[in-house]
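Enquirer: pasting the sequence and the predicted coordinates here, then a few questions.
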Amino acid sequence: MRKHDLAFIDIETTGLNVIEHEILEIGCVITDYKLKTKEEFEIKIKPKNIESADPTALKINHYNEKDWQDAYELKEALKIFAKKVKDCIMVGQNVAFDSGFLEYNFAKNELKNTMHYHRLDTISMAWAKFHQNKDFEHFSLREMCKYFEIENENPHSALSDARATYLLYKKLIELE
């Protein structure tokens, strides 16, 4: 696995249901296996069915039509994303959620997911280290950032959360 770069990924969506809701934004920090940053990027995606969005999700994600005016169509966004993360190992905070949306949308658009098949989850890592620690009620990105004094400048924006996940991962692997 050392020959693969890591892609710290966060997505923002119009809701929690992978079939009913859409990806609005993909944020990514790509590092080498020694965690040296190689690239950061964010891709905004035009929703096609904004009327089926969960209003709470749109509020949390700071969605507004103006900021998505120049966004990509989903298929084009996924092509760009797939090219950038080719052979990378995906790392995420609750990686199953983001991975599920990505896998579903790659398949729906008849595109190949080019990432390596391994996935790393910072919630699982945090649980393994802190499950007996009474200071933790949840293992959310917000709570973990607070504990490790990681500044997440713009929570629930994809690139900011991807950066925070990258910094959290570094803190977790430094622990004894």
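Expert: Now that the structure is in, tell me what you want to look at. Residues are numbered from 1 along each chain as shown.
Enquirer: now do the longest helix that the chain contains, average pLDDT.
Expert: In the chain, assigned by DSSP state H, the helix with the most residues is helix 158-174. In this model, helix 158-174 has an average pLDDT of 97.
Enquirer: what is it packed up against?
Expert: In terms of contacts (3 or more Cβ pairs under 8 Å, 6 or more residues apart in numbering; DSSP states H and E), helix 158-174 is packed against strand 6-13, strand 23-31, strand 37-44, strand 89-92, helix 122-130, helix 141-148. Using the backbone N, CA and C atoms, a C-beta is placed for each residue, glycine as well.
Enquirer: again, only this time at 6 Å
Expert: Where contact means 3 or more Cβ pairs under 6 Å, 6 or more residues apart in numbering; DSSP states H and E, helix 158-174 is packed against strand 6-13, strand 23-31, helix 122-130, helix 141-148.
Enquirer: most tightly packed of those?
Expert: strand 6-13 (a mean of 26; mean count of other Cβ atoms under 10 Å).
Enquirer: show me what that one pairs with in its sheet, parallel or antiparallel.
Expert: With DSSP bridges as the test, strand 6-13 is paired with strand 23-31 (antiparallel), strand 89-92 (parallel).
Enquirer: before we move on, which element is the residue lying farthest from the centre of the chain in?
Expert: Distance to the chain centre peaks in the chain at residue 134, reaching 27.2 Å (criterion: Cα atoms, centre = their mean). Residue 134 belongs to no helix or strand when assigned by DSSP states H and E.
Enquirer: so what's the spatially most central residue of the chain up against?
Expert: By Cα atoms, centre = their mean, the mean C-alpha position of the chain lies nearest to residue 10, the distance being 1.2 Å. Taking Cβ atoms under 6 Å, 6 or more residues apart in numbering, we find residue 10 in contact with 27, 158, 161, 162.
Enquirer: could you do residue 114 as well?
Expert: By Cβ under 6 Å, 6+ apart, the contact set of residue 114 is 82, 86.
Enquirer: where does the prediction get shaky in the chain?
Expert: Scanning the chain for pLDDT under 70 picks out 1, 176.
Enquirer: how about a cut-off of 50?
Expert: Along the chain, segments meeting pLDDT under 50 are nowhere present.
Enquirer: can you tell me the SS state at residue 62?
Expert: At residue 62 the chain is in coil, as set by DSSP: H, G, I helix; E, B strand; the rest coil.
Enquirer: wait, what's in contact with it?
Expert: So residue 62 contacts nothing (Cβ under 6 Å, 6+ apart).
Enquirer: ok, back up a step: can I get the helices and strands packed on helix 158-174 in JSON lines with distance to residue 171?
Expert: Listed next are the helices and strands packed on helix 158-174 as JSON lines, based on distance: least, Cβ to Cβ, whole Å:
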{"stretch": "strand 6-13", "distance to residue 171": "13"}
{"stretch": "strand 23-31", "distance to residue 171": "14"}
{"stretch": "helix 122-130", "distance to residue 171": "9"}
{"stretch": "helix 141-148", "distance to residue 171": "5"}
